[in-house]
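1. Sequence and computational prediction follow.
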Amino acid sequence: MAAATDTAMALLGRSRARRVTKTALMPVLAAEQRPGAAGPLLGLAGSWAGDIALLRDDDRAFLVGLGSFLGAHVAYAGSFAARGGRPKLLHVLPVVACTAVTMRTFGRMAGPLRRPVQAYAVTIGTMAAAATALRGPGSGRVVLGAATFVASDTLLALARFALAEKWHRAADAGVMATYTLGQWLIHDGLRRYDAAQR
C-alpha cells in the first residue's frame with residue numbers, strides 16, 4: 001500500500017505528499033520484514049537516507065543520495081556474500097557486461113557527475129553479481145530483486161540525464177515501482193533464506 005501510494009504521488013507530481021509517502025517506504029518495509037541481521041538493516045538505512053536526499057532535485061542532493069545508496073548496496077552485497085558461495089561465471093558475465101555498458105553510457109551523459117555515477121554503477125553491479133551466489137529457498141527472489149533494483153536505477157539515470165522533462169513524472173513513477181518491488185524481493189528472499197537455515 002505504501003509503495004503504491006508513493007508511486008501514484010510520483011506520477012501525479014505531488015512533491016509535498018511525497019515528503020511523507022517516500023520517507024515512509026523503508027520504515028514500512030522494515031516493520032513488515034523485520035530483518036534481524038546487520039547487513040539488511042544497513043541496506044534499509046542507507047536506502048532510507050537516499051530516499052530522503054532524493055526528495056530534492058539538485059546535484060548536491062543527487063550526490064548525497066548516490067552515496068547513501070552506494071552504502072546500501074555495499075551492505076547488501078556483503079549480506080549476499082556472507083550467505084552464499086562463489087557466484088557462477090555464467091551468471092556473473094551478463095552482470096559485468098551490463099555494468100560496463102552502463103558505466104560507459106551514463107558516464108558520458110553525466111558530465112561533471114561522471115566519476116560518482118561510474119563508481120555507483122560498479123557498486124550496484126557488484127551487488128547484483130553477489131546476489132547470484134545464493135542457493136536455496138528465497139535465492140531466486142533475491143536475484144530478481146537485485147535485477148529489479150538495477151532496472152530502477154537505470155531508469156532513474158535515464159530520467160536525470162537523457163529524458164525530456166515531460167517524461168519525468170512517468171519515469172519517476174516507474175523508478176519507484178521497480179525500486180520498491182526490488183527492495184521487497186531482496187528482503188523477502190533473505191527472510192526465507194535465513195528461515196530455512198535455522
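-> Good, I have the coordinates.
2. And the longest helix anywhere in the chain, what's buried?
-> When the chain is parsed with DSSP state H, its longest helix is helix 168-197. Within helix 168-197, the residues scored as buried using 16 or more other CB atoms under 10 Å are 171-194. C-beta coordinates here come from the backbone N, C-alpha and C atoms, glycine included.
3. At the geometric centre of the protein, which residue sits there?
-> residue 149 (4.0 Å; CA atoms, centre = their mean).
4. Check which helices and strands the strand or helix carrying that one is in contact with.
-> Per DSSP states H and E: residue 149 is located in helix 139-161. Helices and strands touching helix 139-161, by 3 or more CB pairs under 8 Å, 6 or more residues apart in numbering; DSSP states H and E, are helix 59-83, helix 89-109, helix 114-131, helix 168-197.
5. and residue 27, which of those is closest to it?
-> helix 168-197 (12.0 Å; CB to CB).
6. What average pLDDT does that closest one get?
-> Helix 168-197 carries an average pLDDT of 95.
7. now that helix and helix 59-83, what's the angle there?
-> Our comparison of helix 168-197 with helix 59-83, counting by axes from the mean of the first three to the mean of the last three CA atoms, to 10 degrees, yields an angle of 20 degrees.
8. Give me the helices and strands touching helix 168-197, please.
-> Using 3+ CB pairs under 8 Å, 6+ apart: helix 168-197 touches helix 2-12, helix 15-33, helix 38-53, helix 59-83, helix 139-161.
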